[in-house]
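# Predicted coordinates and the sequence they were generated for:
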Amino acid sequence: MSKKIKPAYHISGQSHVTGYSRFIGDGVKHQGILVAKMVVSTKAHAKLLEVDCEKAKKIAGVRAVLTYLDIPGENQVGHPVPDQPLLAETEVNFIGEPIALVVAESEKAATKALAAIDIKYEALPAIFSIEEAVGRKNFLGPCPKLETGDVEQAFATCDFVLEDMVGTPAQEHVYLETQRCIAVPGAEHEIILYPASQSANAVQEIAAQILGWKRKDITVDISRLGGAFGGKEGGITNAIAALTALACYHCNSSVELKLKRYEDQAWSGKRHPFSAKYKVGFNKDGKIIAYKAALYANGGAYTDLTLSVLERAVLSADNAYYIPNALIEGYPCRTNLLPNTAFRGFGGPQGIFIMESVIERVAQHLQMDPILIREVNVYQSGQKTHYGQIVSEACGEDMLKRLKTLSQYQQLKKDTELFNKNNSLVKRGLGVLLSKFGIAFTMSFINQASALIWLYGDGSVSLSHGAVEMGQQVHTKVAQIVAHTLGISLDSIRAESVNTKRIANASPTAASTATDLNGNAALKAAQELKSRLIPVAIRFLKKDHNVDSTVEDIIFLDNKIYDKSHPDQFITFKELVSHAYVMQVDLGAHGFYKADKLFYDRNTGKGEPFSYFVNGACLAQVEIDVLTGKTNVLKVFIVHEAATSINKEIDIGQVTGAFCQGYGWCTMEELQLNSEGRYLADTMATYKIPGIRDLPDVFEIEMVELKREKASVFGSKAVGEPPYTYGGATYFAIKNAILSLADNDKDVQLKMPATPEAIVMAIEEL
Amino acid sequence: MGPPGFILLVSLAELRLGKPVFYFSFARIYFERSLSRRSVAKTDLDHDLVTVACEVTCRYTRWIMKLHSVEITFYLNDKKVSASVHPELTALRLIRDQFHLTGAKEGCAEGDCGACSIAWGREVDGQLKYVAINSCIFPAVKLHGTHVITTEGLADGEKMHFIQQAIVENHATQCGYCTPGIVMSLFCLLANNPSPNKQEIYAALEGNLCRCTGYLSITKAADAVVNTVSKNPQKYKELIFPDYIKDIENRLKDIKNVTLKTSDASEFDETHIYHTPSTLKEVFEKMQLHEDGYQIINGGTDIMVQANIRGIRHKHLIDISKLAELNYIKEEQNEIKIGGNTTYAQLAVFAPVVDRVSVLVQATGMIASQQIRNVATIAGNIANASPIGDMACVLLGLNARLVICSATSEREIALGNFYKAYKQIDLGADEIIREIIIPIPKGVCSFEKSSKRESLDIATVNSLINYVIKNKKIVDCRIAFGGVAPTPILAKKAANYLLDKELTESIINEAAKIAKEEFNPISDVRGSDNYRSLLIRNHIIKHLQSVL
């Protein structure tokens, strides 16, 4: 077997560009498929006095109007914490909370019915801010506390102690394909669901629970998603799937529930806004001795994934730095916002951004280069995190060194200073972000996956595993692993949908772990098949070519199987499989993989929750218009620890895409709330994500390919989430550009996201 | 004979007569109810009757629908297709639901993401020309007699089109949802411009959002495409256009002159009618006939968004895009005169505008996206009465005038007098904007737009300043703002203050202060009142600072 996996294009690339990739609902619809529409709360907190559906039920074409009374099983959609009803019973707790479901023969009839439903509310006091929730001790669950060393004692020894606050905003996912699900009645006491979900398992579990059915009676099938980014893992995704199943159950017909963009943005959970209070003690050389921080996450009305998001935030609070004395607390605040949910990075970006803000603050206070402060504090191998995991193969310092070289930092810094000296109405700034991102689900036991491979008589291959394809190209990577192992070409493999009948109990496609877990499972299955095929190969090489071979010497390459010393005397993979079939060899294999060394004790806040870390650094140079706040990102340099990429081009695509989302979070994606708790920007006309003109003029990426002991399948490292944090560099660059207008050690209050408005207001307040 | 039998007989009688005698809606309601409940059918006979009556009703429905639908014929990729379309139907739904080409996607239903982009080809000045449009906000009716290319129509069997191939080879597709739209935007760019530069590529793709790639790979794919063309200039047409396009021009001629069949018969008028008059006279007739509820439509980029997002429907849509009388752009006596049908894209390439009113080109480039600029008209934008429209601000600053006409009269009005209050304009129910007259400005002109995102975003505040300096002193000055008041508005005090003054830093600052105090802007999703006030001040400084 050659060592290097062959490069590959997107396994669905051709069907994507030619328009033949089918997304949910793209196929020809079942005759008479019904349309379902959600009726949601328009109040952030209220008693439900009356939900009158009678008029709506009488509208022509309306098949059913369902409320919680129509739920045969348990009215529960909370996952993993069961605290959220699918349909509100007596009280609503956020704007957008589902109350009823209209099922009709046409969209028109459904829309008419929506207008005919009469809901009477009695308003109750609602809270939206972290401050209000903290004031009332309104928390969604236990508050984690992670401690190492003795902060209070250490503060007393430090040259300087600073206290400050940092806030990070909400963010809307804007997957281009909105939330949706199609339910189809199966052959016999079965419902088949086609949800836009990152977790077939969760959908199956919740739909079964809602209907009071066994999980075996619900089949979930997911081909591909038009983007997800965490937004199709939790709350509303499960609710939509469960509601569609409920409609299918009552009407005994296929049903489609598809959100309009404005419904999706108004009703779906966001990235958790965080606020942090911190106290940092450091010496005049920039070394941080003690760090105390309280991280508050605005979780919204129900738990959803808030506890896990907060957990990752507090575990990421050290970011890339060894801090001998640290006390990190987390508070999952309950408010009357939409339940916030997973979003690329899952609390990690918040924890990391807060720490990077601290670093910048320290640098500014000491009037030292921010990279130097990072270098002074960065982890060295063997040092322990605040939760007790030993950092091995530390490479933060190396990343910074590479970043400085790549960006010609010293020169760039000089140029920037010179530019600022010569220009008063346009200012430039540099911003750096160093990141260390832990990989694994922190709920350790779900670090498991399975795969199922079938070989067909013609040598083609059916490959199933538990990872949902949503653009990250996990299907390409896992297929590459299988193709490589069996020595076959990628086009002989069919990357199958995720289906609960083929792959049960699959963990959500999340936490950047999909390739690590599923790739390893598929590797095992492929190796198992290979080991069964080798004896067949030995026999037929002898028979057909009179070549004597051994298990060790058999090569599978380029659809051929041969002895390594006789590469010209081969049998094809197709021939081998058909021989094996005749010889009654089992041509299907199941592979199971688990990362079973990981653990994390929530009571002590100690453990080894991560398989490894992904390191990287980013430097951005921006130019701001002092009068209008308009920002141009001039240059971006990224150094990313790729280890041994399975597919370098895919990984670069993940890095640029993640950076761009992070950049959007930091500079333009704004979700203001009105006094009723409604997000003002609930369409794409008002909520702005980066467009092509926002691409930096210079965008250079160095993928650092280092051989790593601690890595995953074929020496690769996860790539989905870690680079999201790099976008933060743009925020610091903008802040530094503004600071160039201010007196030396004066700090500037720059709201996040650093929109033109935030910039103009910050400059005005200088 | 129970009620079902009775209805059946009446229905059959009506069908025979070819004219509904029995009031249709009653029958419909009756049957819809009876069918959903099935309680009417007490006997087998009743049941059968209900079934037959249902069939009759269905035919009826179709027949009635036809009255309100329009029969259109167009070319979809390499095929001639026909469809009976409802006025509210978008091109996207038609292509996806009826012709099962699902490459084009709905991402936002308001022209803000580009996932629905398709190439729309029609004869312009004797040549077949393709432009990218947002099919999610494009009335399907307008496809009649034209050619649509979707990404499915670019590949040649298993062989990808070279644009598609470049996207795959540069890893410029991830989830794939935006990809067909990106392919079509690139196709339309290359179809009109064999060697686009970076800015032109950005302009073509700024209306296509991608949440996965971060765009780097997409620009690489675009570069690869441009490279391929530049290496094979003689093969340009072959590379870009699918084979079947050769015939399309001729084939379109066959259907071009088939007039649309729409019936005005509307005694059951619950639905809506799409009118496609070809003369102003006809337009005024329709307006008069349906004065209780009509809406003029052209590119539809605003009307269709209102329909999609806010459910606003109009009983009668009167499409004026076929009016040759409104389809012109000319220069006369130092004035640019543009007909009511002129689109942004047309304005931006008109030579006298390019040469002498570059601020219009600049502003046009900052408006919406290429897909919108291709079909949206300037008159439509003005009639929409938004206080923040970029073009309204620019034209107000340039002291443009409107020629407004009705069936019997014509009048000219300064744009400044046209806007009366928030969303209120001086345009009678019997009038339309026939022409916009833009005096070619003297002196210095500059336009500034502040928005959250550089492209495809509505301004928080926009402004245009036009002034003439003689002997170092300002002798003429006009400042227009958008987003600071209920209408686009002139900063008269600031402009007056500047008259007869020599521009110095303190004069500029004072003018800025005066302008800031002239308005009390509001807070909304695009910016707070304070921020807007600061922008008023800072825009003035920015406009004038360059003189120092």
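Cool, got the structure. Numbering: from 1, shown residues only, chains lettered A, B, ... in the order given.
# And the strands in the stretch 401-548 of chain B?
Using DSSP state E, counting those that start in this stretch, the strands of the stretch 401-548 of chain B run over residues B:401-405, B:410-414, B:419-421, B:424-425, B:432-439, B:444-450, B:461-470, B:473-482, B:489-490.
# okay if I get the ones you listed as JSON lines plus mean neighbour count?
(Glycine included, C-beta is placed from N, CA and C.) What follows is the strands of the stretch 401-548 of chain B, written out as JSON lines (neighbours: other Cβ atoms under 10 Å in any protein chain shown):
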{"stretch": "strand B:401-405", "mean neighbour count": "21"}
{"stretch": "strand B:410-414", "mean neighbour count": "12"}
{"stretch": "strand B:419-421", "mean neighbour count": "15"}
{"stretch": "strand B:424-425", "mean neighbour count": "16"}
{"stretch": "strand B:432-439", "mean neighbour count": "21"}
{"stretch": "strand B:444-450", "mean neighbour count": "23"}
{"stretch": "strand B:461-470", "mean neighbour count": "23"}
{"stretch": "strand B:473-482", "mean neighbour count": "22"}
{"stretch": "strand B:489-490", "mean neighbour count": "19"}
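# out of those strands, which comes closest to chain A?
In terms of Cβ to the nearest Cβ, the element of the strands of the stretch 401-548 of chain B nearest to chain A is strand B:444-450, at 5.0 Å.
# pLDDT score for residue 100?
Picking chain A for this. pLDDT for A:A100: 98.
# wait, chain B
pLDDT at B:H100 comes out at 95.
# Low-confidence bits of the stretch 251-400 of chain B, can you list those?
The stretch 251-400 of chain B contains residues with pLDDT under 70 at B:256-271.
# residues contacting the residue of it at minimum distance from chain A?
Nearest to chain A in the stretch 251-400 of chain B, going by Cβ to the nearest Cβ, is B:I309, at a distance of 6.0 Å. Residues near B:I309 by Cβ atoms under 8 Å, 6 or more residues apart in numbering or on different chains: A:262, A:683, B:109-110.
# The closest residue to chain B within chain A and B:A172: what is the separation?
In chain A, the residue that lies nearest chain B is A:G19 (2.2 Å; Cβ to the nearest Cβ). The gap separating A:G19 from B:A172 is 15 Å, by Cβ to Cβ, to the nearest Å.
# Compare these two and say which is more crowded by neighbours.
B:A172 (29 against 25; other Cβ atoms under 10 Å in any protein chain shown).
# Let me know whether my guess that the more buried one is in a strand holds.
No: B:A172: not assigned to a strand; according to DSSP: H, G, I helix; E, B strand; the rest coil it is coil.
# the strands in the stretch 51-200 of chain B, which residues?
B:70-76, B:79-85, B:117-124, B:127-134, B:147-149.
# Domain-wise, how is the chain divided?
In the absence of a named chain, chain A is used. If you go by automatic domain parsing, the domain ranges for chain A are A:34-125+A:173-267, A:274-442+A:602-764, A:448-594.
# was after chain B, sorry
By the assignment in automatic domain parsing, chain B contains the domains B:3-68, B:162-240, B:273-322, B:325-545.
# and stretch B:217-234, which residues are buried?
B:217-222, B:224-226, B:228-229 (16 or more other Cβ atoms under 10 Å in any protein chain shown).
# Tabulate the CA atom coordinates of that stretch in CSV.
The C-alpha coordinates for stretch B:217-234 follow below in CSV (Å, rounded to 0.1, in the frame of the first residue of the first chain):
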residue,chain,number,x,y,z
SER,B,217,-11.7,29.0,-4.1
ILE,B,218,-14.5,30.7,-6.1
THR,B,219,-12.2,33.5,-7.2
LYS,B,220,-9.6,30.9,-8.1
ALA,B,221,-12.2,29.1,-10.2
ALA,B,222,-13.2,32.4,-11.9
ASP,B,223,-9.5,33.1,-12.6
ALA,B,224,-9.1,29.7,-14.1
VAL,B,225,-12.1,30.2,-16.3
VAL,B,226,-10.8,33.6,-17.5
ASN,B,227,-7.5,32.0,-18.2
THR,B,228,-8.9,29.3,-20.3
VAL,B,229,-10.7,31.8,-22.4
SER,B,230,-7.7,34.0,-22.8
LYS,B,231,-5.7,31.1,-24.0
ASN,B,232,-8.3,30.1,-26.6
PRO,B,233,-9.7,33.3,-27.8
GLN,B,234,-10.7,31.8,-31.1
